[in-house]
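Novice: This is a predicted model, with the sequence first.
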Amino acid sequence: MLLINKTLLKMSKGFRGYIALIALLKLLTLAGIAMFAQSISGFLGGLFDPGSVDFRESVRTAFVSAVIILISEVLIGDVEYRCTAKSRIVLRERIFSKILLLDVGNIEKMGTTHAVAAAVDGIEAMQIYYSKYLPGLIYCAISPFYLFWKLKEASFTAALFLLIVSLILLPANNFFRSVVRKLKDSYWVSFLNLTGYYLESLYGLTTIMLFGRDRERAGILETKTGDFCRKIMGIMRLNFKAFLFSDLVIYSSVFITVLMVTAQLSKGEISLASALLTLMLGYGFFGSIRILMHSSHQALAGVAASQNLSRIFDIDTGRPSKPFVQKEESDGFVGIRLENVEYSYEDRDGVLNNVSIDIERGKTTALVGQSGSGKTTVSGILMRFFDPQSGEIRFEGTDYACYEPGELRKKIIMVPQFVSIFSGTIEDNLLVAKPDATIEEMHKALELARLKDWVTGLPDGLKTDVGDAGAKLSGGQRQKIGIARVLLGNAQYIIFDEATSSVDFESEREIWACIGELSRMRTLVVISHRLSTIRRADRIYVLSGGKVAERGSHEKLMEQNGIYTNLVSEQAVLEARGVNGEVAV
Amino acid sequence: MKKRKYGLMQTTGRLLAMAAPVKGLLTVSTLASILGNLGHIGLLGFGSMMIMRGAGFTGSGSLVLWGALTLFCSVLIFACRYIEGYVSHAAAYKLLSYMRVDMFKTLSKLAPACLVDRHKGDILSVAISDIEIIEVFFAHTIGPLFTVILLPAVTLCVAAAIAPLFVPALLPIYIIICVLFPIAAVRLGRNAGMAYRQRVGELKSLTIESVMGLKDIQIFGFGQRRIDMVQDKTAEINKVSRLLTMHRQIVTSAPTFFVYLARILVISVAAYLAATGDHDPVGVIALSFVVSASFSSTQSLTTVISSLLEAYAAAERLFVLEDMQPEVVEAENPVMFHKIERVEFDNVTFRYSTERGKVLDGFNLTLSAGEKLGISGESGIGKSTVIRLLLRFWEPTSGEIRINGIPLKEISLACLRERISMLEQETFIFNDTVAANIAVGKEGATLQEVMASAKRAQIHDFIMTLPDGYATQMGEMGGRLSGGERQRIGIARAMLRDPDILIMDEPTSNLDVLNEKEMLKTLEDEYGDKTLFIVSHRSSTLTGCSRIIHLG
């Protein structure tokens, strides 16, 4: 099957020279092979006429050509390496930049499975296409002419016949194009499906085991692996059909050539040496096509991958952007101001309806409300993970759209509800926030997050490995690292989104005490459903159903006797019930 | 060279043993491979005879006979190549399917204790890409392994028939390229193959963590540094891929060089024979073609050697996982029980690994049916560990846990996990519908049961606001659910079962006050007669408990 793919060609920018060079070196190898065949056939032809051929000369030429072949093959290896090395770097840079551009708000348009499949397996699969298939294709298009030129003296008719057949054979393979198109898509879908399901099974394995669903899961996996197997066999069937078709053409042409040459030989039109040369090189017209077909099923995986990659590259990552203009709020307010902000996810009803919030610099602002009331969405908008559909957000007077998201995040930082821990050591995870942090700074931050004693008590201290994505840490420890990380940085605005939900009571109290200290220098936004933690906030916003229902200080809100008062009293009842009956072991 | 855990022969043997289910198919493809390669020898040999007969250089046979034989060989090659290719791939891919499923079964025995140190991206890489590359062994190696010995033997017989002197000239070359060279090539390249597979696995972990941790990456402007890490890893991949590419080129072209050498030797010997007067030009010409054809199988072997390096590395990585000793092994005749009456922790000590301190030290606890037990204590003190031990995800370092007086080790794992329902600290959401996610709790749960459970977990109203209600797809890892929503789906899941003990690990850390209150009320109403085991750092959550233990 013939695989010429525009997407892949477009992506080959930056390493096309290497591809051409590989094809060129392949032609050099062919020249060596032709030279070899000439000397051997010349010698063999001369066997019937002793003395006509210089034996030493033949052996020397044969040997020299063998060495040429060897050297050019090794050179091909080196260029192939350079080609693949460059393309890996170029393509990975593009895809990871895309991940960053998609940002938190849009990353689900790509998804983990797509990202892994495209960035790792996909790009590796494309290497076969670039380093083997494409140069092979160029070579296939040129080599018949070279061989014709070499053979035209030996037997013109045979050479012409072989040239014509080989020129027809390659495009004839295009016959399978429509099948190829269908197959490559369904192959990739099946591959993604399997990868995604396996990945999910790994992450959810504990849950699967807890509920005894492993056997069922294995059963579904079996159908998915079976489907993938069928898709590959579909490609294989096509590949072998193409093989069968080409082989039929190739072997009948070789056979016809032999007949032609035999006839010419018996009529004395050509010498035995010429006949042998034609026989030796005749197959060479097609050898390149066969090699090409050998790599074509792997190349097809590359084509499928590239299609997926280009879809990822094509995802729109445009964000609202305005030229930077330094402005100030008309009423002299300094801080972050959300004005009539509306936000909804594509397939859900409004999450935020006409929300206006003032986050005053140097003060503590709290967002409370039931789960699903839109608190976390507000924090996402504040971090500019996503942009609101309407309304305006201004950072100290200047529109958010005037800032690059990365620029804003130097000023506003956050402890998310679920902290992501990266594989590596505790230190690696702290350095995420500040690559040049000193040991003292890290200890200080850990101390504030009430984690220092535990860390220093570990035999490896900061260098302790946290396991795969922090698997060795408890929920509370993860959150504490998340808090320490944020305290290492020196952003003016800090958002705590349910930052201590999994932290024990003692630590929670201590952490909030130290956050209270911080609030003298920094601006805090605290999102919490534990009302005790936000009691002292300068201003509290109560969200309900995506709207701001109440606002004011704790005392003021308590007077209103609304949602907030209700929440506070419910919590008081709950907590009062919990104090009794603790038994220490 | 570093000593490897799995030797070349051992790995080959184990892979062959794995191929048992498709033995028949592989035999067919190997036979086809042998016949096809013999056909190739015949095609060139008979073809050259045909030319020489036609040109009148020889009188043996007839033009029609040589023509017919040549044609027959073409057809043979044609048929055999197709059969070999198709059948061997069908067999290989079928095996890969089996291997992937088997690997999942192995993983489920290892989880979670043995997998905390293994990066999930790396395991995924073994399951998907590594196993894929083992195809090279099943589909492209077994056939050539046979022909690589057989074809030279046939050629040597032909050579002996023409002139015995050809045999000692050709034999060393065959030994070098058919035996010594492939073995040396595989041995020398194994480390590079392993390094490549490992780096690819590492890159996968890096990618997964980059996407899953994107929020934290973006918060800290960690993105560019993350790209640098990816590019460092890519540079490492490039470094080993240079070794692999050069290895492949040398391994494929060096034998070709020897093949040319062999053909030069043939004409040298022919020249010598011609000089000494004992000479059969027709035989030499035919032999020259036969010799070149005899190497076709060597070439098909050498072209796969580099991929074979990766296949061996991949197999090794798979074996390492498969040979991991599970932390927990089910007893041979596991004891079943109907109802949990009593749970005892008897002087239990536990540490996750020798380099980390004891998490539990001489822990004692007795829990009777119907009791409501709460465990509180600082983060990382071992609250969740108690649960993991009870569910037998880990084994105590010393001491014993008993249920109804029976040591946990002797109890059927399925039965144990059937009788105990558990709400995890972080609920895992599967890429399926909401209904299916809740139904995880009970095999074959009906929609009515799912809805009833959702109502009890206070999540029904929320689900009804979703575009497709219970049929709404949750997307990868439940992307858009809030912490509280996830947790309530987890609660609904746990409530779907009818266990003796309900364990809740931090059930309320992501719940707001009203939801927490409702949930506690549900626990009181629905689980009044059940045994409850609640781990929480919140005293309010432990409200309904009849006994509270404080770890510390």
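Specialist: Looks like it came in fine. Residues are numbered from 1 along each chain as shown, chains lettered A, B, ... in the order given.

Novice: Up against chain A, what does the stretch 251-400 of chain B have?
Specialist: Proximity of the stretch 251-400 of chain B to chain A, by Cβ under 8 Å from any Cβ of the partner chain, involves residues B:252-254, B:256-257, B:260-261, B:263-264, B:267-268, B:270-271, B:274, B:279, B:281, B:284-285, B:288-289, B:352, B:355-357, B:363, B:376-381, B:383-384, B:391, B:393. (Glycine included, C-beta is placed from N, CA and C.)

Novice: and the chain, what are its domains?
Specialist: Let's take chain A. Residue ranges for the domains of chain A, per automatic domain parsing: A:6-313, A:335-411+A:491-576.

Novice: actually it's chain B I care about, not the one you picked
Specialist: Split by automatic domain parsing, chain B gives B:8-322, B:342-550.

Novice: start to end distance for the longest one?
Specialist: Right, the one you point to is domain B:8-322. Taking Cα to Cα, to the nearest Å as the measure, domain B:8-322 stretches 18 Å from start to finish.

Novice: do the last one as well
Specialist: End-to-end distance for domain B:342-550, by Cα to Cα: 20 Å.

Novice: Regarding stretch B:335-344, how distant is the last residue from the first?
Specialist: Taking Cα to Cα, the span from the opening residue of stretch B:335-344 to its closing residue is 17 Å.

Novice: just to revisit the earlier point, the domains of chain A into a markdown table, with extra columns for distance to B:M229 and mean neighbour count?
Specialist: Compiled in a markdown table, the domains of chain A are given as follows (distance: least, Cβ to Cβ, whole Å; neighbours: other Cβ atoms under 10 Å in any protein chain shown):
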| stretch | distance to B:M229 | mean neighbour count |
| --- | --- | --- |
| domain A:6-313 | 10 | 20 |
| domain A:335-411+A:491-576 | 18 | 19 |
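
Novice: Specify the stretch among those that is closest to B:V450.
Specialist: The closest approach between B:V450 and any of the domains of chain A, judged by Cβ to Cβ, belongs to domain A:6-313 at 13.6 Å.

Novice: tell me which element A:A263 is part of?
Specialist: With elements delineated by DSSP states H and E, A:A263 resides in helix A:214-266, which encompasses its position.

Novice: Report the inter-axis angle for the helix or strand just after that helix versus helix A:214-266.
Specialist: With elements assigned by DSSP H and E, the helix or strand that comes after helix A:214-266 is helix A:272-282. For helix A:272-282 and helix A:214-266, the angle between their directions (axes from the mean of the first three to the mean of the last three Cα atoms, to 10 degrees) works out to 160 degrees.

Novice: elements contacting helix A:272-282?
Specialist: Contact analysis of helix A:272-282 by 3 or more Cβ pairs under 8 Å, 6 or more residues apart in numbering or on different chains; DSSP states H and E lists helix A:16-46, helix A:134-151, helix A:156-172, helix A:214-266, helix B:23-54 as its packing neighbours.

Novice: quick one on the thing from earlier: which of the residues of the stretch 251-400 of chain B next to chain A fall within strands?
Specialist: Among these, the members found in strands (DSSP state E) are B:363, B:376-377.

Novice: For those, pick the one with the most neighbours.
Specialist: Of all these, B:S376 has the most neighbours under the rule other Cβ atoms under 10 Å in any protein chain shown, reaching 26 neighbours.

Novice: got the phi/psi numbers for the closest residue to that residue other than its chain neighbours?
Specialist: In this structure, B:S376 finds its nearest non-sequential neighbour in B:H550, 5.2 Å apart by Cβ to Cβ, 6 or more residues apart in numbering or on different chains. Taking degrees, to the nearest 10, you get phi -110, psi 120 for the backbone angles of B:H550.

Novice: Tell me how many other residues surround B:H550.
Specialist: Other residues within reach of B:H550, judged by other Cβ under 10 Å, total 14.

Novice: What segments of the stretch 401-550 of chain A are strands?
Specialist: For the stretch 401-550 of chain A, applying DSSP state E, counting those that start in this stretch gives strands covering A:412-415, A:493-497, A:523-527, A:539-544, A:547-552.

Novice: Contacts made by the second one with the rest, please.
Specialist: Right, strand A:493-497. Taking contacts as Cβ atoms under 8 Å, 6 or more residues apart in numbering or on different chains, the residues outside strand A:493-497 that touch it are A:336, A:359, A:361, A:375-376, A:379, A:382-383, A:411-417, A:483, A:486, A:515, A:518, A:522-528.

Novice: count of residues packed around B:I217?
Specialist: When neighbours are counted by other Cβ under 10 Å, B:I217 registers 23.

Novice: which element is it on?
Specialist: Taking DSSP H and E as the criterion, B:I217 maps to helix B:214-219.

Novice: Please name every helix or strand in contact with that helix.
Specialist: For helix B:214-219, the packing partners by 3+ Cβ pairs under 8 Å, 6+ apart come out as helix A:55-106.

Novice: in the stretch 51-200 of chain A, what residue is nearest chain B?
Specialist: Relative to chain B, the nearest point of the stretch 51-200 of chain A is A:G77 (2.9 Å; Cβ to the nearest Cβ).

Novice: quick one: the closest residue in space to that residue that isn't next to it in sequence and A:V79, what's the gap?
Specialist: Spatially, and ignoring its direct neighbours in sequence, A:G77 is nearest to B:Q249 (2.9 Å; Cβ to Cβ, 6+ apart). As defined by Cβ to Cβ, to the nearest Å, B:Q249 lies at a distance of 10 Å from A:V79.

Novice: Any idea which residue of chain A lies closest to chain B?
Specialist: Going by Cβ to the nearest Cβ, chain B is nearest to A:G476 of chain A, at 2.4 Å.

Novice: wait, that residue sits on A:V503?
Specialist: Yes - with contact defined as Cβ atoms under 8 Å, A:G476 counts as touching A:V503 (4.6 Å).

Novice: which one is B:L408 nearest to, not counting chain neighbours?
Specialist: B:I401 (4.4 Å).

Novice: Would stretch A:31-45 count as contacting chain B?
Specialist: Yes - in this structure, stretch A:31-45 sits against chain B according to Cβ under 8 Å from any Cβ; the contacting residues are A:36, A:40, A:43-44.

Novice: got TSV for the domains of chain B, with mean pLDDT too?
Specialist: Formatted as TSV, the domains of chain B follow (pLDDT from 0 to 100):
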stretch	mean pLDDT
domain B:8-322	89
domain B:342-550	88
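
Novice: and those domains as JSON lines, adding distance to A:F211?
Specialist: Formatted as JSON lines, those follow (distance: least, Cβ to Cβ, whole Å):
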{"stretch": "domain B:8-322", "distance to A:F211": "12"}
{"stretch": "domain B:342-550", "distance to A:F211": "5"}
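
Novice: So A:N353 belongs to a strand, correct?
Specialist: Yes - the assignment for A:N353 (DSSP: H, G, I helix; E, B strand; the rest coil) places it in a strand.

Novice: How much space separates it from A:A401?
Specialist: A:N353 sits 21 Å away from A:A401, taking Cβ to Cβ as the criterion.

Novice: what helix or strand does B:I77 sit in?
Specialist: Using DSSP H and E, B:I77 sits in helix B:63-110.

Novice: Around the closest residue to chain A within the stretch 101-250 of chain B, count how many other residues there are.
Specialist: Closest approach of the stretch 101-250 of chain B to chain A (Cβ to the nearest Cβ) occurs at B:Q249, with a separation of 2.9 Å. The burial metric for B:Q249, expressed as a neighbour count using other Cβ under 10 Å, is 22.
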